[in-house]
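Student: fold the following for me, if possible:
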Amino acid sequence: MMSWGLLLSIVPSVIAMKVLDHATYYGFQEYRDRCTAIAAGKLSTADGSTITTHNNDCVECDIRITKVPARDWPEGSKRPIQPIRAAYPRYIERPEDSIHGPDYYIDNVDMTLYPWNATEPYYFIDQVRHTYAYTLGAYAIQNEKQVSIGESTCSSIFVATPVFDGGKAVMHLETLTELALERCDTARCAIQLMGDLAVQYGFFGPEWDGNLNAAQDESGEALTVSDPDEAWVFHIMPDDTGASAIWVAQRVPDDHIAVVANQFVIGDIDLTDTNNFLGSSNIHSIAERHHLWSASSGKKLNFMRTFVFSPYTDGMQAFGYGPNLTDAYPFSVKPDKPLTVQDVMNMNRDQYENTEFDMSRNLDAGFFGDTLRYPPTSVLKDPVNGISYQEYEESLGFQRAISLFRTAYSTVTQSRRSLPDTVGAVTWIAPYAPHHSTFVPIYAAAQKAPTSMNVGSQHKFESRSNWWIHSITGNYLSRWYQHTIGDVQAFQKELETKMFAAQKQMEDHAKLLAEDNAAAVIDLITDFQETTAASVRDSWWQFFYRMVGKYRDIYIVENPHAESFSSAFRFMTFSRSWLEIMGFWGVPGTPPHDKTTPMAVKPINVPTYDTMKAYQHAYAPYPAPSVFYQDSTDAVNEGSTSDGGDSSGGKRRHMDPVNTAVPSAMPTNSPTVTSTVKPTTAVAQVISVTSGVFYGSIVAGIVGGIIDHAGHDDFVQDVVDTIGMEDQIQLTDILKAFVERFHKDLNQIQNAQI
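Tutor: This next block holds a predicted model:
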């Protein structure tokens, strides 16, 4: 069977060209906020629960986990739609018009940090008479009816502008998830409601102005949605008018799990199969209108290949799965064995340990195998150390793992048919990066969120906060990762084993109480999660103190009771491969004198731009298997040539599969080879830059057109002639500038030694 590390390694990046700022992007932007989500069907888990997950990878997110209470609303009430705000404080509300409850009252906001104003709605829709209680983080997580949600941002070819910035779209994903959990008691209801509201009012992503590349790279969204019986994956994006939405959902087979890592994963769709698919009625008509798919082809529309903007993520996605790592990633897979909640928690903690991509075993892991990769400060600040923002953007960047230093929190939800809703709806939440944290249980039906999970911000240290002690411990111990991670994992296992045992006892008691005294059950679960979260926090403080005593500089204190300190410690060891690369025994790459062969070392990343060919040219002995995203033209033009020859629409970049296995380690003595990477042919397509909507398939067309047209001006005119827009003169100037910059960058790639 497949490696979970490989399946979960579909991680985000951008491989598109920037048209608006006339720049070309080939690299991987590790600093961008990205999330990973998993959905597990009820037969894929050991206890029969459905599961959703969410690693909320967010630099500035409000770290508080809160409780939105159930409410009855007067007839004729309006539900306010509020702006997106990830940072603390997520919402600031007055008690008289609050919709999120006391946790967001203005009196509960730390105004010593900054004098924020109350959140003001920009739109209103009709309110329903009753809304359910739910757990809320950056997105709505789980409600009292056991409907659960995880999130992962994706790219799409359309971008819409919100109504408060001159556009037509009203709904963003944060509010859609809240509305779904306020109003729905099944996953199907939640999906249909979110889709219908987005179609009616319009949908927009977190970015919409300025950089076209960045906007398209985040204009789509994916959710994992579950109830006690079903698990689904839901995709949504703006439509081509900027006033509506396109959406689709596919049910995860009961004995499967699905993973979404910032890339649409739903392929061929069949909306007549309502047991397994839901979707908007406009999917096919919009695809046909823009020549992305044709009903006459006789083939099903492939949602991912039709509407995704970035067809690849990073170099790791060039690896497929299967016996020879050559098959396209599937929508879902059947696990080797039924998964426990602890198994899924460990997936959220994954650093690709013991796989080809183990992030603790390479040059960029440093002395002691640190798996974290920090971006140069010039990415977020003014240029420093001679590295400009533009230079970083054009780099390959660093690889990234699933658990990151900027993960605000990680969730694993359970929806359990075997238990009443008051007990069955539980979310395990790890504040901070889950590989340096402990998951604590939070029940959607509890009276309030645990205090230690609901205090503090990233602005300043807060000793009462669970998030802060995990952050402190992670920051301290990451420096010596390969030495300290064993202590961390053993401590996590110890705490979580005790928690699961205590939880079982509590829930057994709750089931007995539920028959006669529902109020007592709510008191019981509220007290349990409060004391459990506080105990975890306090235990981590004690663990931190022990680790400070055990690890410092290059010492590991193993016997604090030794007669002298020299007998109490041992030195930390370095990675031999790291010493070789740094030139410890001579020129970089020289092994110790008693060795004849250097240790295997892989590159820190590989170009997202024609990844397979880059591997073939730069690392000739290291074969590159077939890519995840294949050519989509077969759904459009039966007569198209495989290299993107003369065809008339929908063509995207194509890479020929290489059916070879990946060796266990890359040879270190690979000859340096000059890259001859270049994009294959594509056909220029329609561009619309109207009503706040950017149609991104211009990128694929420009790339192929530039290569195929000897005369740049002829190509530009060909593209402009297809547009029929009033601002053709301005667009012509943009395209000419883009062509010039593209050829400059392409020459640099072709002449570079990768």
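Student: and the strands in the stretch 1-150 of the chain?
Tutor: All strands of the stretch 1-150 of the chain, identified by DSSP state E, counting those that start in this stretch, fall at 17-18, 23-24, 37-40, 50-57, 66-68, 71-72, 78-81, 123-126, 130-131, 134-136, 140-143, 148-154.
Student: determine the set of other helices and strands touching the third one.
Tutor: So that's strand 37-40. strand 50-57, strand 148-154, strand 220-226, strand 231-238, strand 257-260, helix 341-348 (3 or more C-beta pairs under 8 Å, 6 or more residues apart in numbering; DSSP states H and E). Bear in mind the C-beta positions are built from the backbone N, C-alpha and C, glycine included.
Student: pull the residues that contact the next helix-or-strand element following the fourth one.
Tutor: Using DSSP states H and E, the helix or strand that follows strand 231-238 in sequence is strand 245-251. If you take C-beta atoms under 8 Å, 6 or more residues apart in numbering as the criterion, strand 245-251 is touched by 158, 171, 191, 194-195, 198-199, 202-203, 225, 230-239, 266, 269, 271, 275-280, 282-283, 286, 303, 307, 331.
Student: do stretch 578-590 as well
Tutor: 363, 365, 366, 367, 591, 592, 593, 598, 599, 601, 668.
Student: ok, the second one - contacts?
Tutor: For residue 365, the residues meeting the contact criterion (C-beta under 8 Å, 6+ apart) are 359, 371, 481, 482, 575, 578.
Student: closest one to residue 400 out of those residues, please.
Tutor: Closest approach to residue 400 among the contacts of residue 365 (C-beta to C-beta): residue 359, at 8.4 Å.
Student: from residue 203, how far out is the closest one?
Tutor: Per C-beta to C-beta, to the nearest Å, residue 359 is found 35 Å from residue 203.
Student: which of those two has more neighbours?
Tutor: The residue with more neighbours, out of residue 359 and residue 203, is residue 203; 33 against 23, by other C-beta atoms under 10 Å.
Student: okay, and the beta partners of the more buried one?
Tutor: In this entry, residue 203 is beta-bridged to residue 171, by DSSP bridges.
Student: you'd agree it is up against residue 242?
Tutor: No: counting by C-beta atoms under 8 Å, residue 203 stays clear of residue 242, with 9.4 Å between them.
Student: joint contacts of these two?
Tutor: 160, 169.
Student: isn't residue 42 right up against residue 227?
Tutor: No: between residue 42 and residue 227 there is no contact under C-beta under 8 Å: 9.8 Å.
Student: what touches both of these two?
Tutor: Common neighbours of residue 42 and residue 227 (C-beta under 8 Å, 6+ apart) are residue 50.
Student: all helices for the stretch 251-400 of the chain, in order.
Tutor: Shown for the stretch 251-400 of the chain, the helices assigned by DSSP state H, counting those that start in this stretch span residues 283-289, 303-307, 341-348, 389-393.
Student: burial of residue 486, as a residue count?
Tutor: 9.
Student: distance to residue 151 added to the helices of the stretch 251-400 of the chain, as CSV?
Tutor: Compiled in CSV, these are given as follows (distance: least, C-beta to C-beta, whole Å):
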stretch, distance to residue 151
helix 283-289, 21
helix 303-307, 18
helix 341-348, 13
helix 389-393, 26
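Student: out of these, nearest to residue 93?
Tutor: Among the helices of the stretch 251-400 of the chain, the nearest to residue 93 by C-beta to C-beta is helix 341-348 (31.0 Å).
Student: pull the CA atoms of that closest one into CSV?
Tutor: The C-alpha coordinates for helix 341-348 follow below in CSV (Å, rounded to 0.1, in the frame of the first residue of the first chain):
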residue,chain,number,x,y,z
VAL,A,341,-8.0,8.9,16.3
GLN,A,342,-4.3,8.7,17.3
ASP,A,343,-3.3,7.6,13.8
VAL,A,344,-5.0,10.7,12.3
MET,A,345,-3.4,12.9,14.9
ASN,A,346,0.0,11.6,13.9
MET,A,347,-0.8,12.4,10.2
ASN,A,348,-1.4,16.0,11.2
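Student: who wins for most neighbours among the contacts of residue 365?
Tutor: Tallying neighbours with other C-beta under 10 Å puts residue 371 at the head of those, with 27 neighbours.
Student: now it: how far from residue 152?
Tutor: Residue 371 sits 21 Å away from residue 152, going by C-beta to C-beta.
Student: residue 544 against residue 472, yeah?
Tutor: Yes: look at residue 544 against residue 472 with C-beta under 8 Å: they come within range, at 6.2 Å.
Student: returning to what we had before: please identify the most buried of the helices of the stretch 251-400 of the chain.
Tutor: Sort those by mean neighbour count, taking mean count of other C-beta atoms under 10 Å, and helix 303-307 sits at the top with a mean of 24.
Student: quick one: average pLDDT of that helix?
Tutor: Rounded to a whole number, the mean pLDDT of helix 303-307 is 89.
Student: contact partners for residue 227?
Tutor: Contact analysis of residue 227 by C-beta under 8 Å, 6+ apart lists 50, 145, 146, 147, 148, 185, 186, 187, 188, 415.
Student: and the nearest residue to it once chain neighbours are set aside, what pLDDT?
Tutor: Excluding its sequence neighbours, the residue lying closest to residue 227 (C-beta to C-beta, 6 or more residues apart in numbering) is residue 187, at 4.3 Å. At residue 187, the model reports a pLDDT of 98.
Student: wait, residue 187 sits on residue 223?
Tutor: No: using C-beta under 8 Å, residue 187 is not in contact with residue 223; the gap is 10.0 Å.
Student: from one end of stretch 359-370 to the other, what's the distance?
Tutor: Stretch 359-370 stretches 8 Å from its first residue to its last (C-alpha to C-alpha, to the nearest Å).
Student: what residues of that stretch count as buried?
Tutor: 359, 360, 361, 362, 363, 365, 366, 367, 368, 369, 370 (16 or more other C-beta atoms under 10 Å).
Student: for the record, mean pLDDT for stretch 98-115?
Tutor: For stretch 98-115, the per-residue pLDDT averages 95.
Student: and for it, what's in contact with it?
Tutor: With contacts defined as C-beta under 8 Å, 6+ apart, stretch 98-115 is touched by 64, 66-69, 79-80, 88-95, 116, 118, 136, 448-449, 454, 457, 459-460.
Student: in the stretch 301-450 of the chain, which spans are strands?
Tutor: All strands of the stretch 301-450 of the chain, identified by DSSP E, counting those that start in this stretch, fall at 407-415, 426-431, 440-443.
Student: which strands border the second one, and is each parallel or antiparallel?
Tutor: Pairing partners of strand 426-431, with direction, according to DSSP bridges: strand 407-415 (antiparallel), strand 440-443 (antiparallel).
Student: out of the strands of the stretch 1-150 of the chain, nearest to residue 292?
Tutor: Using C-beta to C-beta, the strands of the stretch 1-150 of the chain put strand 148-154 closest to residue 292, at 16.6 Å.
Student: where are the low-confidence patches of the stretch 551-700 of the chain?
Tutor: 600-700 (pLDDT under 70).
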